[in-house]
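In: fold the following and give me the result.
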Amino acid sequence: MNMIQIGKHDHVGSFLRTDAIKDARKAYINDELTAEALRQVEDVEIEKLVKKQIDLGIKAITDGEFRRSWFMHDFFWGVEGVSFEAVEKGYDFVGQTTRAESFKVTDKISFGNHEMVNDLKFLVDVVEKYGDGSQFAKYTIPAPTMFFQRVISEKEKEIYPNIEDLAADLIKVYQDAIQAFYDAGCRYLQFDECILSALDDPKLASIMENFTGLKLTDTTDLFVRVIKESLKNKPEDMIVATHMCKGNYKSAYLYTSGYETVSTYFDELGYDVYLLEYDDERSGGFEPLANIKNEDTQVVLGVVTSKTPELEDTHALKEKVKAASEHFPLERLVISPQCGFASTEEGNSLSEEEQWGKMEHIIKLSNEIW
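Out: Numbers count the residues shown, from 1 in each chain. This next block holds a predicted model:
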């Protein structure tokens with residue numbers, strides 16, 4: 001078994017959409033551009049993005065989520081038995097409210113012939129075309145728990161009267177997704193998580209109960225089991241990571257939570273890599289890292305914020321890594337931005353130049369530390 005090495009710097013996956021992408025998507029929405037023509041624009045811009053990442057020295061290469069509107073909704077919209085839903089109100093972040101879009105279950109769910117498999121194949125081919133063999137495609141999808149971050153309708157309750165039945169089908173969706181992405185050439189798959197990552201924020205319980213009608217205390221064990229079962233058949237030479245996010249929309253956040261509670265599940269969940277936000281005090285201290293006993297697990301410290309353009313002080317960042325190493329071995333630590341630069345197509349409040357400045361800062365810092 002030859003598992004890829006992610007190196008000492010990583011990134012969460014999404015990048016600011018280029019003007020060409022924004023213009024093409026707007027034209028497509030206004031029926032001024034066909035789906036085929038939109039995809040051609042996306043192809044060109046993704047090729048440019050891949051070359052940019054390779055030129056900077058990045059090894060884990062993504063498509064920047066350039067084909068998506070949301071980091072999570074687009075994946076679920078592509079699942080059979082799921083469709084787009086316009087809702088009365090978007091998600092309430094601190095100082096921002098998202099677009100009022102979601103997804104709904106209209107039939108029994110299955111992975112089916114998901115269009116993102118072709119998106120991944122394109123990325124793999126482009127990485128091979130421009131890389132030197134040391135780079136690899138990294139693909140991001142929402143964690144299975146994110147399927148529950150929405151209002152569950154009465155119609156859906158008729159399709160799935162029992163949440164255990166829904167969970168069983170959701171597990172199968174993810175097992176099939178992992179295998180399909182693997183067969184398409186993916187060796188680094190990332191699940192983006194915004195529920196388990198916020199277990200220590202009291203706000204999460206009320207949000208989840210309002211969405212699903214279920215108490216968080218009754219569903220946490222279910223969520224952990226869904227992830228474990230989703231991962232249990234993953235190929236041995238495939239890395240499956242999770243990004244523990246606190247929300248990222250137009251530089252706004254949703255939750256304030258450390259990792260005290262969720263870290264007690266880290267060994268049980270079965271991920272190979274944990275990408276953890278550590279850009280400010282909202283994420284708490286590094287002590288929970290000591291709860292990871294599996295000696296093969298890696299931790300990616302998101303010490304550089306993706307929400308603002310300013311570059312953090314190098315000495316302060318090194319001190320953060322040093323503090324983390326008191327609770328987790330330095331040789332298994334990696335650094336990255338705290339989140340993506342555009343978890344939705346709107347993007348965060350910084351320029352493309354500032355975004356790449358952040359990535360260069362991280363790469364330089366990683367070379368100095370390791």
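In: only C-alpha atoms from now on, for both contacts and neighbour counts.
Out: Will do.
In: sketch out the low-pLDDT regions of this structure for me.
Out: Applying pLDDT under 70 to the chain flags residues 1-2, 90-95, 100, 211-212, 248-253.
In: helices along that one, start to end?
Out: 19-29, 35-56, 73-77, 116-130, 154-159, 163-183, 202-212, 216-231, 266-269, 314-325, 352-369 (DSSP state H).
In: elements contacting the shortest one?
Out: So the one you mean is helix 266-269. Secondary-structure packing of helix 266-269 (3 or more Cα pairs under 8 Å, 6 or more residues apart in numbering; DSSP states H and E): helix 216-231.
In: one step back: winner for burial among the helices of the chain?
Out: Comparing the helices of the chain by mean neighbour count (mean count of other Cα atoms under 10 Å), helix 73-77 ranks first with a mean of 20.
In: hang on, the earlier thing: will you turn the helices of the chain into a markdown table that also has distance to Thr256?
Out: What follows is these, written out as a markdown table (distance: least, Cα to Cα, whole Å):
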| stretch | distance to Thr256 |
| --- | --- |
| helix 19-29 | 31 |
| helix 35-56 | 31 |
| helix 73-77 | 23 |
| helix 116-130 | 31 |
| helix 154-159 | 31 |
| helix 163-183 | 27 |
| helix 202-212 | 9 |
| helix 216-231 | 17 |
| helix 266-269 | 19 |
| helix 314-325 | 19 |
| helix 352-369 | 23 |
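In: figure out which of these is closest to Asp237.
Out: Minimum separation from Asp237 across these (Cα to Cα) falls at helix 163-183, 9.5 Å.
In: closest one to Glu281 among the helices of the chain?
Out: Nearest of the helices of the chain (Cα to Cα): helix 314-325, 11.8 Å.
In: where does the closest one sit relative to the chain's centre, distance-wise?
Out: 24 Å (Cα atoms, centre = their mean, to the nearest Å).
In: any idea of the angle that helix forms with helix 352-369?
Out: 60 degrees (axes from the mean of the first three to the mean of the last three Cα atoms, to 10 degrees).
In: what residues does the lengthiest strand in the chain touch?
Out: Taking DSSP state E as the criterion, the chain has its longest strand at strand 101-110. If you take Cα atoms under 8 Å, 6 or more residues apart in numbering as the criterion, strand 101-110 is touched by 73, 76-77, 79-87, 89-90, 150, 152-153, 155-156, 159-160, 169-170, 172-173.
In: on that earlier part again, which one of the helices of the chain lies nearest to Leu333?
Out: That would be helix 314-325 among the helices of the chain, by Cα to Cα, at 7.7 Å.
In: give me the contacts around that closest one.
Out: Against helix 314-325 from outside (Cα under 8 Å, 6+ apart): 286-287, 289, 301, 303-304, 330, 333, 365, 369.
In: repeat for stretch 171-180
Out: Counting by Cα under 8 Å, 6+ apart, 79, 109-111, 117, 144, 189, 226-227, 229-231, 233-235 sit against stretch 171-180.
In: nearest to His11 among these?
Out: Closest to His11, out of all of the contacts of stretch 171-180 and judged by Cα to Cα, is Leu189, at 12.5 Å.
In: show the contacting residues for the closest one.
Out: Per Cα under 8 Å, 6+ apart, neighbours of Leu189: 138-141, 178, 238-241.
In: farthest pair within the residues you listed?
Out: Using Cα to Cα, these span at most 14.9 Å, a distance reached by Ile141 and Met238.
In: circling back to that earlier point, only whichever of the contacts of helix 314-325 are buried, select them in PyMOL.
Out: Buried subset of those, written as a PyMOL selection, criterion 16 or more other Cα atoms under 10 Å:
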select buried, resi 286+287+289+301+303+304+330+333+365
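In: what's the most distant pair in the contacts of helix 314-325?
Out: Glu287 and Leu365 (22.6 Å).
In: sorry, back to before: and the angle for the longest strand of the chain with helix 163-183?
Out: Using the same axes, to 10 degrees, strand 101-110 lies at 90 degrees relative to helix 163-183.
In: alpha carbons only: can I get strand 101-110 in CSV?
Out: Taking Å, rounded to 0.1, in the frame of the first residue of the first chain, the C-alpha atoms of strand 101-110 are listed here in CSV:
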residue,chain,number,x,y,z
GLU,A,101,-31.4,28.0,-0.9
SER,A,102,-31.4,24.4,0.3
PHE,A,103,-32.2,20.9,-0.8
LYS,A,104,-35.0,18.5,-0.2
VAL,A,105,-35.6,14.7,-0.4
THR,A,106,-38.2,13.8,-3.0
ASP,A,107,-37.5,10.0,-3.1
LYS,A,108,-35.3,7.3,-1.7
ILE,A,109,-31.7,8.5,-2.0
SER,A,110,-28.8,6.9,-3.8
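In: report the distance from that strand to the chain centre.
Out: 20 Å.
In: pairing partners for it, with directions?
Out: Looking at strand 101-110 with DSSP bridges, its partner strands are strand 80-86 (antiparallel).
In: now do the buried residues in the strand it pairs with.
Out: Buried-residue list, strand 80-86, by 16+ other Cα under 10 Å: 80-84.
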